[in-house]
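**Student:** Predicted model, plus sequence, below.
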Amino acid sequence: MTPPSENITSLFQLIEKIHTRENSFFWQENKIPQTLWFRGHKNHTYTLLPSLYRKMEGNNPKTDMRNKELALLEEFATKNYFRFPYKLPENQFLWMSIMQHYGVSTRFLDWSEALIPSLFFALEEFFLDRNIETTEIPCIWILDPFAINKAFIETNKKINHVGNTIKQNLIPSILSNLYNEIENMTHPLAMISPYNSERIAAQSGSFVLFPGMINLSPIKFRLEILPNSHFFLRKFLLIKPKQITNELKILGIRRSMFYPEMASTSKEIEEYILKR
């Protein structure tokens, strides 16, 4: 059963849908889940697959994916070693989490612990103040991370630290054990990584890690078509993107909040001054 989807016309309506008792998906046993994660897509047809899975489609995933991943990691670490003069990432897992946030293909699918960053990424083109005419409909995916881990706990039996992946940040003391275990995982796992960059902190980053050794075609692991996905996923179509963007701007949301580097701030200042 695929996850349900609903049309959204305003920010208020989206918040109401998430937090009202009538929403049977999020109100299980009359309780809102402890944690919800969010992911924005500029086009609602875009599927929930990590970038490495997409690019390995057509290859032999069992023999090629892990080799390609390690080659990417080695090259990234070599080229960026000098950027960590005080403390290097402790293991491959942390290196990959950094790679993910700087555009290198990995098995990680990004999520945010906050709604607003995800809305921004879904509506980013509309924040650029262009006269956009498009037939693409943005959307927000909402994930219950505890529910997805619970759904696959039986198939991920060898992962003893699964509770720690969400209940606390993955501090180095548990990472050494966890990294060895996640290589045995057979289904996606919701995880929180330490914030190791200004950008990750600004975006409230978390992620779902997909298996590294699989026998099936990668595309068959799309999160929305996995068994019981309707228990942990929900989709909202943002059918009035310009209106929702304006509502976010009224709240003071700006692009530089999620790309805090100086170049982004400079561009925003220029656009503000020159368009006045």
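**Tutor:** That came through fine. Numbers count the residues shown, from 1 in each chain.

**Student:** Helices along the stretch 51-200 of the chain, start to end?
**Tutor:** 51-55, 61-80, 92-101, 115-122, 124-127, 145-151, 164-167, 172-182, 198-202 (DSSP state H, counting those that start in this stretch).

**Student:** relative to helix 115-122, how tilted is the following helix or strand past the last one?
**Tutor:** Later in the chain than helix 198-202, the nearest helix or strand by DSSP states H and E is strand 205-209. With axes from the mean of the first three to the mean of the last three C-alpha atoms, to 10 degrees defining the directions, strand 205-209 sits at 70 degrees from helix 115-122.

**Student:** Packing partners of strand 205-209?
**Tutor:** Using 3 or more C-beta pairs under 8 Å, 6 or more residues apart in numbering; DSSP states H and E as the contact test, the elements touching strand 205-209 are helix 92-101, strand 108-112, helix 145-151, strand 189-191. Placement of C-beta: from N, CA and C, glycine included.

**Student:** name the helices or strands packed onto the helix or strand just after it?
**Tutor:** Once the chain leaves strand 205-209, the next helix or strand it forms, by DSSP H and E, is strand 233-238. In terms of contacts (3+ C-beta pairs under 8 Å, 6+ apart), strand 233-238 is packed against strand 5-8, helix 11-19, strand 139-143.

**Student:** Give me whichever of these is most buried.
**Tutor:** Mean neighbours per residue, mean count of other C-beta atoms under 10 Å, is largest over the helices and strands packed on strand 233-238 for strand 139-143, with a mean of 24.

**Student:** in this protein, which helix or strand is least confident?
**Tutor:** Ranked by mean pLDDT, DSSP states H and E, the helix or strand of the chain with the weakest confidence is helix 164-167, at a mean of 46.

**Student:** Low-confidence stretches in the stretch 51-200 of the chain?
**Tutor:** By pLDDT under 70, the weakly predicted segments of the stretch 51-200 of the chain are 58-63, 85, 90-91, 129-134, 153-184, 193-200.

**Student:** Please enumerate residues in contact with stretch 117-137?
**Tutor:** With C-beta atoms under 8 Å, 6 or more residues apart in numbering as the test, stretch 117-137 has contacts from 11, 14, 38-44, 111-112, 138-140, 202-204, 237-239, 241-242, 244-245, 248-249, 253-255, 257-258, 271, 275.

**Student:** mind checking the end-to-end distance for that stretch?
**Tutor:** With C-alpha to C-alpha, to the nearest Å as the measure, stretch 117-137 spans 18 Å from end to end.

**Student:** for stretch 217-226, same thing?
**Tutor:** Between the opening and closing residues of stretch 217-226 there is a gap of 13 Å (C-alpha to C-alpha).

**Student:** how about it: buried residues?
**Tutor:** Residues of stretch 217-226 classed as buried by neighbour count (16 or more other C-beta atoms under 10 Å): 218, 221, 223, 226.

**Student:** Next up, the contacts around the closest residue to residue 68 other than its chain neighbours.
**Tutor:** Counting by C-beta to C-beta, 6 or more residues apart in numbering, the nearest residue to residue 68 once its immediate chain neighbours are dropped is residue 56, at 6.9 Å. When contacts are counted by C-beta under 8 Å, 6+ apart, residue 56 is found next to 64-65, 68, 218.

**Student:** could I get these as JSON lines with distance to residue 99?
**Tutor:** Conversion of those to JSON lines gives the following (distance: C-beta to C-beta, whole Å):
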{"residue": "64", "distance to residue 99": "18"}
{"residue": "65", "distance to residue 99": "15"}
{"residue": "68", "distance to residue 99": "12"}
{"residue": "218", "distance to residue 99": "18"}
